[in-house]
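**Student:** take a look and give me a structure for this.
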Amino acid sequence: MLRVVMIVSELSRPLLSTSFVVFSLICHLLPHVVSGCAPSDRMALASFSNNLDTRTMDRRWPGAGNYSDDDCCRWTGVRCRRFGAGAYHRQQQLRVVSLDLAGMGLAGPVAPRTLDRLDMLCVLNLSRNSLHGAVPPELLHMPRLRVLDLSQNSLSGELSGRPSSRGTSGITHLDVSFNSLTSLRDDVFQWLPLLRNFSAESNRLTGVLPGSLLSSCPELEHLNVANNSLHGALGPTTDFSRLTRLRALHLGWNRFRGRLPASLSRCRELRVVNLRRNRLTGPVPSSFRRLRALSFFDAGDNSLAGVARALRAFQECRHLAVLILTTNFQLGEEMPGAAAGIRGFPSLRLLGLANCALRGAVPPWLRASARLNVLDLSWNRLAGQIPPWLGGFEAVYRIDLSHNALTGEIPLSLARLKSLASGDASARVQLSMSDYGAVRLYNWHVERGQLWYDSYIPPSLDLSRNRLAGAIPPELGDLVALSLLNLSGNTLSGPIPAVLASLSDLQTLDLSYNQLAGEIPASLTGLTFLSCFDVSHNRLRGFIPETDQFSTFPCSSFAGNADLHGGYCGGNAAVDEGMPGRHDGPFLTAAIEFFGMPFALGMIFGLCAVMLFHVLVPKSTSPPTTEPSF
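**Tutor:** Numbering: from 1, shown residues only. Presented below is the predicted three-dimensional model:
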């Protein structure tokens with residue numbers, strides 16, 4: 001009997017082992033027991049919601065109305081993830097890993113000890129709301145948080161950190177831009193060793209650039225503190241050498257002083273540098289030639305010196321596409337030529353060297369920049385003639401040589417600029433500032449003030465305020481892509497070419513302060529997009545067209561042409577729109593009917609005296625001034 005039992009036992013072992021495996025497999029394949037969101041997560045979200053102003057909240061978020069769904073994972077903007085618990089993870093719990101409430105109309109404070117209790121949260125996006133108050137330091141020490149975006153709110157106070165029992169933070173992306181923060185505590189960045197992207201643009205920050213931001217964040221790739229009131233000296237005291245992965249640096253529109261920090265040359269991955277409108281002085285470090293990845297550099301509106309040294313350094317940056325050094329070198333330096341060791345910039349697409357008081361000629365090394373789109377050498381002291389080779393570029397669509405001392409005639413070759421002569425908009429490759437991140441270019445308008453070009457720079461040819469002579473080449477009518485043509489403030493003569501009516505996209509045409517003669521071509525009334533037209537202070541005659549948008553241009557657009565007449569403007573029409581002009585007829589008719597003929601005659605004599613005064617007393621012919629662009 002014992003032998004039989006032992007045989008059965010031996011035979012049953014494989015069967016029992018197989019049964020156990022099958023049973024385990026079946027248990028594993030059975031549906032998991034998944035509950036709703038964790039009670040602790042729901043309490044944290046409810047606590048955060050209770051501190052907000054429910055009157056402005058989006059109705060899709062709890063607290064805005066009768067919101068009865070207890071499962072917070074079903075709330076708008078909440079994403080959850082399953083986390084296993086128990087044997088074989090058959091019981092799972094949903095935990096909040098992402099909270100995206102951007103643009104949900106949230107108002108009120110971010111209360112401390114609320115959201116930081118979401119210990120599985122990886123992404124927190126509260127941007128584009130109306131949150132106010134301080135940034136709770138606890139948010140920077142959440143154990144799993146990687147992305148924190150609080151931009152475009154009304155947060156104030158200081159951004160500070162504090163020692164935490166949780167240790168260092170794992171945040172890689174921190175955005176507090178477009179708020180009202182006043183300072184950055186140095187201790188913030190000591191706890192953010194993995195930080196890659198930091199933006200505090202457009203706040204009210206004062207003080208110096210935190211040293212720990214440069215020493216404790218070696219992973220930093222994008223740093224943006226532009227448009228604040230930060231101060232302090234850059235240069236040897238500011239060490240960027242540890243930021244070997246830095247790709248974009250935006251320090252523009254602050255109050256930094258001192259010299260350009262040579263330590264930036266150790267940031268070999270650097271692509272974008274924006275130092276515009278600070279108080280920086282001295283030369284560009286020669287070591288900047290090592291920035292081989294650099295594609296955008298803007299240090300305009302500072303007090304840099306040594307334009308030749310700067311160009312020699314930057315020409316070694318073979319990928320440099322945008323170089324802006326406008327409003328520097330104010331000590332009357334010479335525009336460097338080939339003799340200064342300048343070979344050219346093969347990748348350059350935009351060059352801004354305006355308002356630098358540079359003497360000399362249009363530099364010949366520009367011919368090496370075959371990819372050039374935008375050239376701005378305005379507001380300098382350049383002399384000589386406009387070189388004919390300037391019309392040989394295939395991609396140039398904006399040229400600004402205004403406010404110089406250039407002489408001679410307008411080269412016919414400018415009419416062959418391929419990017420402006422092409423009627424096919426898809427064939428024109430225009431420079432987009434969005435290619436370089438959070439950078440903005442600007443231009444100035446004499447009447448409207450500063451205009452921003454975020455991603456689009458209009459096609460234009462500006463040769464105004466020089467000493468150009470001769471006739472306006474009719475061939476300019478071939479530049480059908482032009483949005484702006486400004487030839488004012490020269491000594492151009494002859495008629496206004498009627499073929500300029502071919503410039504169907506033209507929005508601004510300024511021919512004022514020249515010696516043009518003849519009539520205003522009636523064909524120009526076909527320029528339906530024309531919003532700014534000025535032919536004042538010439539020798540034009542005949543009648544002012546009164547059709548289409550010409551009837552909307554102010555009388556100042558035609559002033560200073562003694563033999564030019566119109567239904568509401570004469571050749572010496574007053575610049576002030578309040579002076580007698582367009583609406584005099586109805587007013588005089590009402591005066592005769594109400595006051596009688598003697599009163600009306602007295603008004604007519606008075607108007608004639610005013611007009612005679614404007615004829616006999618010469619006006620100043622000095623053209624209005626504008627500010628430099630780029």
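
**Student:** show me where the stretch 101-250 of the chain has strands.
**Tutor:** Assigned by DSSP state E, counting those that start in this stretch, the strands in the stretch 101-250 of the chain fall at 107-109, 123-125, 130-133, 147-149, 154-159, 173-175, 180-184, 197-199, 222-224, 233-234, 248-250.

**Student:** can I get those in TSV with mean pLDDT?
**Tutor:** Compiled in TSV, the strands of the stretch 101-250 of the chain are given as follows (pLDDT from 0 to 100):
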stretch	mean pLDDT
strand 107-109	92
strand 123-125	96
strand 130-133	94
strand 147-149	96
strand 154-159	95
strand 173-175	96
strand 180-184	96
strand 197-199	95
strand 222-224	95
strand 233-234	90
strand 248-250	94
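
**Student:** just so I know, which of these lies nearest Leu482?
**Tutor:** strand 248-250 (32.6 Å; Cβ to Cβ). Yep, even glycine has a C-beta here, placed from its N, CA and C like the rest.

**Student:** could you point out which element follows that closest one?
**Tutor:** Heading C-terminal from strand 248-250, the first helix or strand you meet, by DSSP states H and E, is strand 257-259.

**Student:** got the strands of the stretch 101-250 of the chain as JSON lines, with distance to Ala361 and mean neighbour count columns?
**Tutor:** Shown next, in JSON lines, are the strands of the stretch 101-250 of the chain (distance: least, Cβ to Cβ, whole Å; neighbours: other Cβ atoms under 10 Å):
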{"stretch": "strand 107-109", "distance to Ala361": "60", "mean neighbour count": "17"}
{"stretch": "strand 123-125", "distance to Ala361": "54", "mean neighbour count": "20"}
{"stretch": "strand 130-133", "distance to Ala361": "55", "mean neighbour count": "17"}
{"stretch": "strand 147-149", "distance to Ala361": "50", "mean neighbour count": "19"}
{"stretch": "strand 154-159", "distance to Ala361": "51", "mean neighbour count": "17"}
{"stretch": "strand 173-175", "distance to Ala361": "47", "mean neighbour count": "22"}
{"stretch": "strand 180-184", "distance to Ala361": "47", "mean neighbour count": "19"}
{"stretch": "strand 197-199", "distance to Ala361": "42", "mean neighbour count": "21"}
{"stretch": "strand 222-224", "distance to Ala361": "38", "mean neighbour count": "22"}
{"stretch": "strand 233-234", "distance to Ala361": "34", "mean neighbour count": "18"}
{"stretch": "strand 248-250", "distance to Ala361": "34", "mean neighbour count": "22"}
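
**Student:** for the ones you listed, which one sits closest to Ser216?
**Tutor:** With Cβ to Cβ, the closest approach to Ser216 among these belongs to strand 197-199: 11.7 Å.

**Student:** which other residues reach that closest one?
**Tutor:** 151, 172-177, 213, 217, 220-225, 438 (Cβ atoms under 8 Å, 6 or more residues apart in numbering).

**Student:** go again using 7 Å as the cut-off
**Tutor:** Residues outside strand 197-199 that contact it (Cβ atoms under 7 Å, 6 or more residues apart in numbering) are 172-175, 177, 220-224.

**Student:** repeat for stretch 338-356
**Tutor:** Outside stretch 338-356, the residues that touch it by Cβ under 7 Å, 6+ apart are 300, 307-308, 311-312, 315, 318-330, 336, 364-365, 368-380, 431, 628-630.

**Student:** return the members of those residues classed as buried.
**Tutor:** 300, 307-308, 311-312, 315, 320-329, 336, 365, 369, 371-380, 431, 628-630 (16 or more other Cβ atoms under 10 Å).

**Student:** which residues does Val96 contact?
**Tutor:** Residues near Val96 by Cβ under 7 Å, 6+ apart: 37, 41, 72, 78, 80, 118, 120-121.

**Student:** of those, which belong to helices?
**Tutor:** Those of those mapping onto helices are Asp41, per DSSP state H.

**Student:** using TSV, please lay out the contacts of Val96 together with neighbour count, pLDDT and distance to Phe240.
**Tutor:** Formatted as TSV, the contacts of Val96 follow (neighbours: other Cβ atoms under 10 Å; pLDDT from 0 to 100; distance: Cβ to Cβ, whole Å):
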residue	neighbour count	pLDDT	distance to Phe240
Cys37	20	86	44
Asp41	25	91	41
Cys72	23	87	44
Val78	23	92	40
Cys80	21	94	41
Leu118	25	93	35
Met120	20	94	36
Leu121	25	95	32
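
**Student:** so which of the contacts of Val96 is the closest to Phe533?
**Tutor:** Of the contacts of Val96, the one sitting nearest to Phe533 (Cβ to Cβ) turns out to be Val78, at 56.7 Å.

**Student:** for that closest one, give me its contacts.
**Tutor:** Counting by Cβ under 7 Å, 6+ apart, Val78 has contacts 72, 96, 99.

**Student:** show me what it bridges to in the sheet.
**Tutor:** As for beta bridges, Val78 partners with Leu99 under DSSP bridges.

**Student:** before we move on, what about Arg259?
**Tutor:** Per DSSP bridges, the residues bridged to Arg259 are Thr281.

**Student:** could you chop the protein up by domain?
**Tutor:** The chain breaks down by the TED database into domains covering 36-124, 133-230.

**Student:** so how far is Ile520 from the residue nearest to Pro521 when sequence neighbours are not counted?
**Tutor:** Leaving aside its sequence neighbours, Pro521 sits nearest to Ala498 (Cβ to Cβ, 6 or more residues apart in numbering; 3.9 Å). For Ala498, the distance to Ile520 equals 10 Å [Cβ to Cβ, to the nearest Å].

**Student:** likewise for Thr508?
**Tutor:** Noted for Thr508: a distance of 16 Å to Ile520, by Cβ to Cβ.

**Student:** which one of the two has more residues nearby?
**Tutor:** More crowded of Thr508 and Ile520, by other Cβ atoms under 10 Å: Ile520, with 26 against 19.

**Student:** for the more buried one, phi and psi?
**Tutor:** Recorded main-chain torsions at Ile520 are phi -70, psi 120, according to degrees, to the nearest 10.

**Student:** next, the contact list for it, please.
**Tutor:** By Cβ under 7 Å, 6+ apart, the contact set of Ile520 is 496, 535, 540, 542, 544-545.

**Student:** just the buried residues of these.
**Tutor:** Buried among the contacts of Ile520 (16+ other Cβ under 10 Å): 496, 535, 540, 544-545.

**Student:** with pLDDT added, can I get the residues you listed in JSON lines?
**Tutor:** JSON lines is the format used below for these (pLDDT from 0 to 100):
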{"residue": "Ile496", "pLDDT": "98"}
{"residue": "Val535", "pLDDT": "97"}
{"residue": "Leu540", "pLDDT": "96"}
{"residue": "Ile544", "pLDDT": "91"}
{"residue": "Pro545", "pLDDT": "89"}
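
**Student:** as JSON lines, these with secondary structure and distance to Arg196 would be great.
**Tutor:** Shown next, in JSON lines, are the buried ones among the contacts of Ile520 (DSSP: H, G, I helix; E, B strand; the rest coil; distance: Cβ to Cβ, whole Å):
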{"residue": "Ile496", "secondary structure": "coil", "distance to Arg196": "57"}
{"residue": "Val535", "secondary structure": "coil", "distance to Arg196": "56"}
{"residue": "Leu540", "secondary structure": "strand", "distance to Arg196": "62"}
{"residue": "Ile544", "secondary structure": "coil", "distance to Arg196": "61"}
{"residue": "Pro545", "secondary structure": "coil", "distance to Arg196": "60"}
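
**Student:** for Arg259, state which of those is nearest.
**Tutor:** Closest to Arg259 out of those is Val535 (48.2 Å), distances taken as Cβ to Cβ.

**Student:** just give me the closest of the contacts of Val78 to Gly470.
**Tutor:** Ranked by distance to Gly470 (Cβ to Cβ), these are led by Leu99 at 67.6 Å.
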